[in-house]
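Colleague: Quick one, structure for this:
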Amino acid sequence: MKKINYLSYILTVLILTVSSINPSYSISLSSPTDLLKKKPKEGGDGAKFDFKNANTGLVKTFFESSNNYLQAQEYLLIAYGKNTQAAQVKEAIAYAKDAGVDDAKKMKNSIKVSSDASKEIENSMNDESFKLTAEGKASYAQSLPFLLNGVKGTVELQPQSQAMVANIQANPMVALKELGGLSKVLPNVPKYISTLTNTAKLVISGAKAKKIEGSDSLDTAMNDLTL
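Modeller: Residues are numbered from 1 along each chain as shown. Here you go, the predicted structure:
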């Protein structure tokens, strides 16, 4: 009993000592309601998303990839006798390289023209009654290096566009202020990528089936890419 009383005495002295040093000292636990009221930080380190910096890299990657796709599509349309559509694609390539045109307008045009060309190419390739001529096969073969370069660009573009679109949706007013018209165009990029990815798969499988020159090296070239 004496031992227990002695320990109690020591604990009491310690508590009184701490209280006298800092009488305002106390421990408070936030309630679940208080925790829910706290706003989450923007980004892993609390930093705001840098729209302008991210946009610079994204736009550069987009046009490098898109221009390769468009060049591939021009050759493919020629291969299937779609010369009028091929001429439209050629104009889109020149428009995309015009430094005097706003990036938002160029990107919007490239997405539309390329998406329309993809539909035309898919329809032509699914037309079993159409037979490629020797000249057609040569044009098909010319498209493959550009197609592969376009796919390489897509591998870089996809995560960049996903991050950008997510932040545009989360902060639309900030995005509009920082990016201008591009904030309205960029959300279309993921769907554009999906369309081109499906077309690329069809073109690559078609090249193998038709034994187009250069198709035997496609598997090697695609090893490091994910479609």
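Colleague: Remind me which helix or strand the nearest residue to residue 157 once chain neighbours are set aside belongs to.
Modeller: Closest residue to residue 157 apart from its sequence neighbours, by Cβ to Cβ, 6 or more residues apart in numbering: residue 61 at 4.9 Å. Every residue, glycine included, has its C-beta placed from N, CA and C. Following DSSP states H and E, the helix or strand that holds residue 61 is helix 51-79.
Colleague: now swap in residue 212 and tell me
Modeller: Per DSSP H and E: residue 212 is located in neither a helix nor a strand.
Colleague: distance of it from residue 142?
Modeller: From residue 212 across to residue 142, the span is 10 Å (Cβ to Cβ, to the nearest Å).
Colleague: So which of these two has more stuff around it?
Modeller: A direct count of neighbours by other Cβ atoms under 10 Å for residue 212 and residue 142 places residue 212 higher, at 24 against 19.
Colleague: Verify the stated contact: that one with residue 141.
Modeller: Yes. Between residue 212 and residue 141 there is a contact at 5.1 Å, judged by Cβ atoms under 8 Å.
Colleague: picking that back up, now do the helix holding residue 61: which elements does it pack against?
Modeller: On a contact count with 3 or more Cβ pairs under 8 Å, 6 or more residues apart in numbering; DSSP states H and E, helix 51-79 meets helix 83-96, helix 103-125, helix 134-170, helix 172-179, helix 189-209.
Colleague: How about residues contacting the second one?
Modeller: The contact list for helix 103-125 (Cβ atoms under 8 Å, 6 or more residues apart in numbering) reads 59, 62-63, 66-67, 69-70, 73, 76-77, 80, 82, 85, 88-89, 92, 95-96, 98, 130, 180-182, 184-186, 188-189, 192, 195-196, 198-199, 202-203, 206.
Colleague: Run the angle between it and helix 83-96 for me.
Modeller: Here helix 103-125 points in a direction 160 degrees away from that of helix 83-96 (axes from the mean of the first three to the mean of the last three Cα atoms, to 10 degrees).
Colleague: Start at 16, not 1
Modeller: Noted, 16 is the first residue going forward, which turns the last one into helix 118-140.
Colleague: chain center to helix 118-140: distance?
Modeller: Centroid separation between helix 118-140 and its chain, computed with Cα atoms, centre = their mean, to the nearest Å, is 17 Å.
Colleague: swap in the first one?
Modeller: Here helix 98-111 is found 24 Å from its chain centre; the criterion is Cα atoms, centre = their mean.
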